[in-house]
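K.L.:
A structural model of the following input is requested.
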Amino acid sequence: MDAMKTSASPTAPAAPLPSKPHYLTLDALRGVAAVMVLIFHIMETHMALAGGTSRDTLLNHTYLAVDFFFLLSGFVLAYAYDDRREALPFRAFARRRLIRLQPMVVLGGLLGAAVFYAHGAEAVGWGAIPETPVWRWAAVAALGLLLLPVPKALDIRGWGEMFPLNAVSWSLFYEYVGNVAYALVLRWLPTRWLAAFVGAVGAGAAAWALFGPTGDLLRGWMLTPEHVGVALLRLFLSFGLGLLLARVARPCRVRVPFWALSAALVAFFAVPRLGGDAAPWLNGLYELAGVLLLFPAIVWLGAGATRPGEAPLCRWLGDLSYPLYITHFPFVLTYTAIVANASWRSLAQAWPLTLLTITLAIAFAWASARLYDAPLRRWLSRR
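P.N.:
I've put the predicted structure just below:
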């Protein structure tokens, strides 16, 4: 925990800024979303091997879990720090956020780098990965550990991703962008100005989802003007909504069951793509309804008191959520290499490996949370 000097005396011993209680249900919902992302990426593998596109993927809207994470982040940051702005200047805030997020970014990057050369099979269509020079691999790994986007000239997987060794790091990059914007600007804005900013961003996101070329918000992981632009719209719309929700919404007094909120989230993710090629705007409208209405409602209801008996499960899922999200993709890439080489194009053929991959990804995330992330963050906080 960061140490801050008291305002009464510049030479007084540093006193810790206490942490506030966690919203256990919200932590658990983040865990549910992380598990859904893991399953979604495995489903995406089989759809690609069968010659389909992302539009055909089962659990089609699960990629909007990133927007749900942004919303949760804004809500929790406003709850934790809005009333302590003066006591927590930018440097101290940045130190806290780095301690919270960066250790797992590093572990995810190291895991992705470690398994990279195992994915060289031609059946996967990943080019000449075994022939990638070690210096290029090391340069990309170093950028990933620092959470710096990889320029196109250094792309070593051929997919045009910002982070070729651990693709999901793109959303953490934008999480950092949101955190910096919050510390420098957004937390100081009056509520009406913040609402105007969110409204403007929302108008841009709506225009893209309804009138854009694909009828969705599926962008963000590439370093192109289109991807960066849509990613910033997604970030500041959901992140800003979270800030507003924490500021203006009265606490929910109803103890909504965790399973009910989880079911609503999963059901939204699982709806097939709507509208087809004839009316893609219908799909965009559905996604906007989720981001603007359903997700804030789930967060508001989840911020109420946790029901008796649900706390252990909620705490477990909450501890699992971030480590699982940031480390699962190397497991998925390994899974993809195996099923591609074995020509297991359907889940019916690959289901034992599917269950093993999900189990290993969750076990690794849980072990890393307990044995690596928590001890390291405690040590960094003390220093």
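K.L.:
what sits up against stretch 356-375?
P.N.:
Outside of stretch 356-375, the residues within contact range by Cβ atoms under 8 Å, 6 or more residues apart in numbering are 35, 38-39, 42, 103-104, 107, 319-320, 322-324, 327-328, 331-332, 334-335. Yep, even glycine has a C-beta here, placed from its N, CA and C like the rest.
K.L.:
among those, which ones are in helices?
P.N.:
35, 38-39, 42, 103-104, 107, 319-320, 322-324, 327-328, 331-332, 334-335 (DSSP state H).
K.L.:
neighbours of the closest residue to Y176 other than its chain neighbours, how many?
P.N.:
Nearest-residue entry for Y176: L147, 6.5 Å, with adjacent residues in sequence omitted and distances by Cβ to Cβ, 6 or more residues apart in numbering. Using other Cβ atoms under 10 Å, L147 has 20 other residues around it.
K.L.:
show me where this structure has strands.
P.N.:
Taking DSSP state E to define them, one finds strands in the chain at 3-4, 15-16.
K.L.:
for the last one, give the mean pLDDT please.
P.N.:
The average pLDDT within strand 15-16 is 52.
K.L.:
begin at 778 from here
P.N.:
OK, 778 is where the count begins now, so the last one is strand 792-793.
K.L.:
for the residue most central in space within the chain, what are its contacts?
P.N.:
What sits nearest the mean C-alpha location of the chain, by Cα atoms, centre = their mean, is V843, with 4.5 Å. Neighbour list for V843: 948, 997, 1011 [criterion: Cβ under 8 Å, 6+ apart].
K.L.:
now with 7 Å, please.
P.N.:
By Cβ atoms under 7 Å, 6 or more residues apart in numbering, the contact list for V843 reads S948.
K.L.:
try P1100
P.N.:
With contact taken as Cβ under 7 Å, 6+ apart, P1100 is in contact with 881, 1142, 1145-1146, 1150.
K.L.:
how far away is P1028 from V1068?
P.N.:
The gap separating P1028 from V1068 is 23 Å, by Cβ to Cβ, to the nearest Å.
K.L.:
which of the two has more residues huddled nearby?
P.N.:
V1068 (24 against 8).
K.L.:
contacts only, for the more buried one.
P.N.:
Residues near V1068 by Cβ under 7 Å, 6+ apart: 841, 844, 1014-1015.
K.L.:
one step back: same list (the contacts of P1100) but as JSON lines, adding distance to M824 and neighbour count.
P.N.:
Formatted as JSON lines, those follow (distance: Cβ to Cβ, whole Å; neighbours: other Cβ atoms under 10 Å):
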{"residue": "M881", "distance to M824": "28", "neighbour count": "23"}
{"residue": "A1142", "distance to M824": "24", "neighbour count": "29"}
{"residue": "S1145", "distance to M824": "29", "neighbour count": "22"}
{"residue": "A1146", "distance to M824": "30", "neighbour count": "20"}
{"residue": "D1150", "distance to M824": "32", "neighbour count": "20"}
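K.L.:
of all those, which comes closest to A855?
P.N.:
Within the contacts of P1100, proximity to A855 (Cβ to Cβ) peaks at M881, which comes in at 22.6 Å.
K.L.:
so what's the closest one up against?
P.N.:
M881 neighbours (Cβ under 7 Å, 6+ apart): 1099-1100, 1103, 1150.
K.L.:
kindly recompute the last result at 6 Å.
P.N.:
Applying Cβ atoms under 6 Å, 6 or more residues apart in numbering, one finds that M881 lies in contact with 1100, 1103, 1150.
K.L.:
now the first one: closest residue in space, sequence neighbours ignored.
P.N.:
Nearest residue to P1100, sequence neighbours excluded (Cβ to Cβ, 6+ apart): A1142, at 4.0 Å.
K.L.:
quick one: the one you found from V814, how far?
P.N.:
Going from A1142 to V814 by Cβ to Cβ gives 12 Å.
K.L.:
how deep is G989 tucked in, by neighbour count?
P.N.:
Count around G989 with other Cβ under 10 Å applied: 17.
K.L.:
let me redo that: W965
P.N.:
The number of residues packed around W965, counting by other Cβ under 10 Å, is 12.
K.L.:
excluding its backbone neighbours, what's nearest it?
P.N.:
R862 (6.9 Å).
K.L.:
go on, V957?
P.N.:
A871 (7.6 Å).
K.L.:
tally up the residues packed near that neighbour, please.
P.N.:
A count of neighbours around A871, defined by other Cβ under 10 Å, yields 17.
K.L.:
and it, what pLDDT?
P.N.:
A871 is assigned 95 on the pLDDT scale.
K.L.:
ok, the one 5 residues further on next?
P.N.:
You'll see I876 listed with a pLDDT of 96.
K.L.:
please apply the same query to T788.
P.N.:
38.
K.L.:
what's the answer for A1114, then?
P.N.:
pLDDT, A1114: 86.
K.L.:
hang on, it packs against H896?
P.N.:
Yes. If you go by Cβ atoms under 6 Å, A1114 and H896 touch, sitting 4.8 Å apart.
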